[in-house]
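Asker: Turn this into a structure:
(2 chains)
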Amino acid sequence: MSDAKQEWPLWEVFVRPKAGLDHKHCGSLHASDAKMAIQMAREVYTRRQEGTSVWVVRSSDITASDPADKDMYFDPMEDKVYRHPTFYELPDSVNHM
Amino acid sequence: MYTQAMDTGPKEERKAVRSAAEAELEARFESHIDEGDFIEAKDWMPEHYRKTLVRQISQHAHSEIVGMLPEGNWVTRAPTLKRKAILLAKIQDEGGHGLYLYAAAETLGTSRDQMIDALHSGRAKYSSIFNYPTLSWADIGVIGWLVDGAAIMNQVPLTRCSYAPYARAMVRICREESFHQRQGFDALNVMMREGTAAQKAMVQDAVDRWWWPSLMMFGPPDGESTHGAQSARWGIKRISNDDLRQKFVDATTDQAKVLGVTPPDPLLKWNDDRGHYDFGPIDWAEFWRVVGGHGPCNRERLDARIKAWDDGAWVRDAAMAYARKQTMKKEAA
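Answerer: Residues are numbered from 1 along each chain as shown, chains lettered A, B, ... in the order given. As a prediction, this is how the structure comes out:
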């Protein structure tokens, strides 16, 4: 067994299912470099034409919000209902606006 | 493919003493589970939940990878180009499934190398079904029909597993696995419809050998399953071993009739009162013998995996050396 430092780095894979849609995270894989990660992503995540484009990014390069802060971070938006169109009641004649 | 070994690992005791903060976190975790919420990789989780999942997911991954071996045995001898292409695609899927699952397990803080080391040193199990040999071409069809059929029945409930990365991997796997079962049934069906008497006998022989090991894939009876209750509580396991096994017998017994083969069980009989097929006793001594390392191919399978890993070491090292060199060149420029 090679020691952990010898392990190929981890990459996150994002696939665009078809033109016009966003790339979506679909999983991760190990690869020695970006070029290999792209090739492996094709074999691992698009064996049935699930995509038309692939992004890979080193997992260690991703900065994520802290799940422990989830409430503090996202809840302030909860009471801002006026950001949604349904908050406004307009006269019937223009309500399709 | 699938592992029943999730139920056969060593039993870990829960830590009895907990700090107040930990108790509060655990209470919150339990209430998330009760509400049917998913747990994500970075969420707090009890150590026992994490360990159970690492064991189950990694053993599931190992099963996918080791499961490539019995089928690989027939790639060069598949009867037609069409069957060879199908078999290759199926084996590639198994490899892919292993990779999805290893990645899911890694989100829990274990490394790929640790998992592979656990497999190669014999600490981690894989599904004991793969310790049986594939003696004829009909075995490949029966593996698709019965072994993958049992796998699908086991796996579908796992798409609702409380641990989200595992559930997401299972959604992908289940979507792909359906072709595995269908191609197996199709291969057998062609032999039973258009084959010679010898080919039909070959199909029956394969069914005779794989029927009971397939029933064992659902794991020990509910009363003896080591992790059943806790896993059910945590939404890791949603349907009991015996219920899944019964469902499998009911489905495949009817499919066997369509095929024109007879499962090797004289006690297999429809029970009107239960609305299920009754079936004979399973030889659990054989199951434990094979899990314990004494099946027909345990040694061969593990040796093949270790050899592949060792022989590939220079490729892994060379790729890393190349990547380092490219990075250095870029930095120097």
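Asker: Would you mind listing what in chain B touches chain A?
Answerer: Applying CB under 8 Å from any CB of the partner chain, one finds that chain B approaches chain A through B:40, B:42-44, B:89, B:92-93, B:96, B:99-100, B:103, B:106, B:111-114, B:116-117, B:120, B:168-169, B:172, B:176, B:313, B:316-317, B:319-320, B:322-323, B:326. In short, each C-beta sits where N, CA and C put it, glycine included.
Asker: before we move on, what SS does the residue of chain A at minimum distance from chain B have?
Answerer: Minimum separation of chain A from chain B (CB to the nearest CB) falls at A:Ser32, amounting to 3.7 Å. Secondary structure for A:Ser32, judged by DSSP: H, G, I helix; E, B strand; the rest coil, is coil.
Asker: With B:Val203 instead?
Answerer: Secondary structure, three-state DSSP: B:Val203 is helix.
Asker: Looks like it contacts B:Asp139 (just checking).
Answerer: No: B:Val203 is not in contact with B:Asp139 according to CB atoms under 8 Å; the separation is 9.6 Å.
Asker: what residues does the helix or strand B:Lys257 falls within touch?
Answerer: Using DSSP states H and E, B:Lys257 sits in helix B:241-259. For helix B:241-259, the external contacting residues (CB atoms under 8 Å, 6 or more residues apart in numbering or on different chains) are B:4, B:7, B:145-146, B:149-150, B:153-154, B:157, B:185, B:188-189, B:192, B:203, B:207, B:214-215, B:218-222, B:225, B:228, B:262-263, B:268, B:276-277, B:279.
Asker: Which among those residues count as buried?
Answerer: By neighbour count, with 16 or more other CB atoms under 10 Å in any protein chain shown, the contacts of helix B:241-259 hold B:4, B:7, B:145-146, B:149-150, B:153-154, B:157, B:185, B:188-189, B:192, B:203, B:207, B:214-215, B:218-220, B:225, B:228, B:263, B:268, B:277, B:279 as buried.
Asker: Cross-reference those residues with the strands and report the matches.
Answerer: Assigned to strands by DSSP state E, the following of those qualify: B:Tyr277.
Asker: Does chain B have contacts with the lowest-mean-pLDDT helix or strand in chain A?
Answerer: Using mean pLDDT, DSSP states H and E, helix A:70-74 stands out as the lowest-scoring helix or strand of chain A, at a mean of 87. No: shown here: helix A:70-74 not in contact with chain B (CB under 8 Å from any CB), separated by at least 8.9 Å.
Asker: what are the C-alpha coordinates of that helix, in CSV please?
Answerer: Output in CSV follows, covering the C-alpha atoms of helix A:70-74 (Å, rounded to 0.1, in the frame of the first residue of the first chain):
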residue,chain,number,x,y,z
LYS,A,70,-26.5,27.1,8.4
ASP,A,71,-29.3,28.7,10.5
MET,A,72,-27.4,32.0,11.2
TYR,A,73,-26.3,32.2,7.6
PHE,A,74,-29.5,31.4,5.7
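Asker: Residues contacting it, please?
Answerer: Against helix A:70-74 from outside (CB under 8 Å, 6+ apart): A:Ser65, A:Asp66.
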